[in-house]
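[1] sequence first, then the predicted structure:
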Amino acid sequence: MQKFLTLVRRELGGYFVSLTGYVIIAGVQLLTGMSFVILLKALNGQPFDMPVTEKFYETGFFWIILLLAVPLITMRVFAQEKFSGTYETLMTAPVGELAVVLAKFLGALLFFVAAWLPLLAYPYVLRRYSLDLGQVESGIVASAFLGVFLVGGLFVSIGCFASSLTRSQMIAAMNAFALCMGFFLLSFLSTLLAPQPGWQTKLFAHISMIEHMRDFSRGIVDTRHVVYYASLTVFFLFLTLKSVESRRWK
Amino acid sequence: MNGEAMIEVQNLTKHYAGRVAVQNLAFTVRRGEIVGFLGRNGAGKSTTMRILSCFLPATSGVARVAGFDVFTQSDEVRRRIGYMPENNPLPLDMRVREYLKFRARLKGLGIRASRDRVDAVIEQCELTDVSRKIIGHLSKGYRQRVGLADALVHEPELIILDEPTIGLDPHQNRVVRQLIKNLGENRTVFISSHILSEVELTCNRIIIIKDGAIQATGTIEELQRKMSGGRQVIAEIAAPLPDLKLAWEQMAEIEHFDVSPGAGNYFRCALTARAGVDARAMVFDLVRARGWKLRELTRSRHSLEDIFVHVTKGDQEENA
């Protein structure tokens, strides 16, 4: 456990000593800030009957953040160590492969969460200055954050896997982006097909990330969605572990 | 030195895709030894060290460190070794003390123990002045010492160093060498290099490999003896040239001689005696009997470099 925590600390610290980390945080802040401005405009205009979190999510910047920021966060986890050679000192230290994979995943995920944290101030600002005090419900905000966390967890694990395959951070980022984008685009399959009752429509509804996130931003925590993200995250972490272990049987 | 095997390698073979890196390697390093591992570039030194440090698996064969198999008991092995890879990779964004602390904790040392050990290795490797600096800003000599400090921080039983002095200036080289030598007093050190003088100065025993197979092994003296380096004697004598040549021809123990003019009226004689004969005393007796002047009398020693070139030359020459 001590080794694991040491590694997590090192991983997380790595983001904050490099400029990249701050650039990513700044980018995330910019995009969420823009969403917030758009939301404020909407609040001042026509009344609408959806929760503010859903309105916030509807601006679409949300997906740009997830799809672009996560590959940038995760590209370094293995690729940089392999490139600089520190991978060798890491893997010859008495620490298991599983601990390394989980520590890198957790480090990246914590950084991802940290980049989103300032968003917590927005509901407070709304509540402080809005006339209608019922606008922002904590439950809905929490559910929206859970959605971000789950999707982020999946994308981070995909990013870790992509990074474990290569020595080049560039290739790692592009692979991660392609995979994440692939999962995201599955959402549109259901709209392409004519809405007809049948197993396809059912299936596509289950894998549509856009639908999942809409539910989360409405305050609906559907366990099917939670299981979907959690199991895929575990699956990609498993692939990462195998990719790291492959050094020993290649 | 109690003769217990620290490293045991048997029939070790490693294939990379389409290439054999190490072929049927077998050697033993005993506890407390400092062993130099020599070979040309691409001879399989780094591959062997990577296998011993559990980074790469062997294709076949057995390698054991302190009695533990590097493949099946890699955790036990990794706990016992301090390994510094080739080119000494370091995270350039960390500070020296921070990095060593991180490595100590990663290697399982407790909070107190890691603080004490980090202090100790910083002092031992003369890093006190730079302990708060960022590794990326350090000179190569300091970085090398940081790598060494990392290898030492958990007090491993076996220290594996892959080309620890590559690219250092002579002064830094001496510091690192002294450090390695001081380690050897109570540790086993396995060190690869192609800088021969360094190996000659630090190691008790040498293993020379070529094309992934062992070519020669032994102490430097043993290798020199094998090369029959002890038989040639150099003498500088002031004497009339014809007398000198005649004297050598008459001396039955001298198989071959070569006389060349030296500075002043001295002649430099290279004498090869018959096997098992030390010609030095005879030369001295001869000079005294004739009343000549003698200003140098030495047994020519093959330097390690000669041994190395002799042992590793061959079919690679055409490719070079």
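    Ah, there it is. Just so you know, these numbers come straight off a predicted model, no measurement behind them.
[2] wait, what's in contact with residue 233?
    Looking at chain A here, since you left the chain open. A:Leu150, A:Gly153, A:Leu154, A:Val156, A:Ser157 (C-beta atoms under 8 Å, 6 or more residues apart in numbering or on different chains). For glycine as for every other residue, the C-beta is placed from the backbone atoms N, C-alpha and C.
[3] hmm, no, I was thinking of chain B.
    With C-beta under 8 Å, 6+ apart, B:Val233 has these contacts: B:Ala270, B:Leu271, B:Thr272, B:Ala273, B:Asp278, B:Ala279, B:Arg280, B:Val283, B:Leu297, B:Thr298, B:Arg299, B:Ser300.
[4] can you name every helix or strand that the helix or strand hosting the third one contacts?
    Right, the one you point to is B:Thr272. Using DSSP states H and E, B:Thr272 maps to strand B:266-273. When contacts are defined as 3 or more C-beta pairs under 8 Å, 6 or more residues apart in numbering or on different chains; DSSP states H and E, strand B:266-273 sits against strand B:232-238, helix B:241-250, strand B:254-261.
[5] partner strands of the shortest one, parallel or antiparallel?
    Read it as strand B:232-238. strand B:266-273 (antiparallel), strand B:293-299 (antiparallel) (DSSP bridges).
[6] just name the most buried of those.
    Across the strands paired with strand B:232-238, the average number of neighbours (mean count of other C-beta atoms under 10 Å in any protein chain shown) peaks for strand B:266-273, which reaches a mean of 19.
[7] now whatever helix or strand A:Gly13 lives in: buried residues?
    Element membership for A:Gly13 (DSSP H and E) is helix A:2-17. Neighbour-count burial for helix A:2-17 flags A:Lys3, A:Phe4, A:Thr6, A:Leu7, A:Val8, A:Arg10, A:Glu11, A:Leu12, A:Gly13, A:Gly14, A:Tyr15 (criterion: 16 or more other C-beta atoms under 10 Å in any protein chain shown).
[8] can you say which two of the residues you listed are spatially most distant?
    A:Lys3 and A:Tyr15 (19.8 Å; C-beta to C-beta).
[9] quick check: PyMOL command selecting the buried ones in the contacts of A:Thr233.
    Provided next is the PyMOL selection string for whichever of those are buried by 16+ other C-beta under 10 Å:
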select buried, chain A and resi 150+153+154+156+157
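[10] for the strands paired with strand B:232-238, could you give me JSON lines that also reports mean pLDDT?
    Shown next, in JSON lines, are those (pLDDT from 0 to 100):
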{"stretch": "strand B:266-273", "mean pLDDT": "83"}
{"stretch": "strand B:293-299", "mean pLDDT": "84"}
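[11] among those strands, single out whichever gets nearest to B:Pro240.
    strand B:266-273 (9.4 Å).
[12] what's the angle from the helix or strand following the closest one to strand B:232-238?
    Using DSSP H and E, the helix or strand that follows strand B:266-273 in sequence is helix B:280-290. Angle, helix B:280-290 to strand B:232-238, by axes from the mean of the first three to the mean of the last three C-alpha atoms, to 10 degrees: 20 degrees.
[13] return the distance of helix B:280-290 from the chain's centre.
    Relative to the mean C-alpha coordinate of its chain, helix B:280-290 is positioned 38 Å out (C-alpha atoms, centre = their mean, to the nearest Å).
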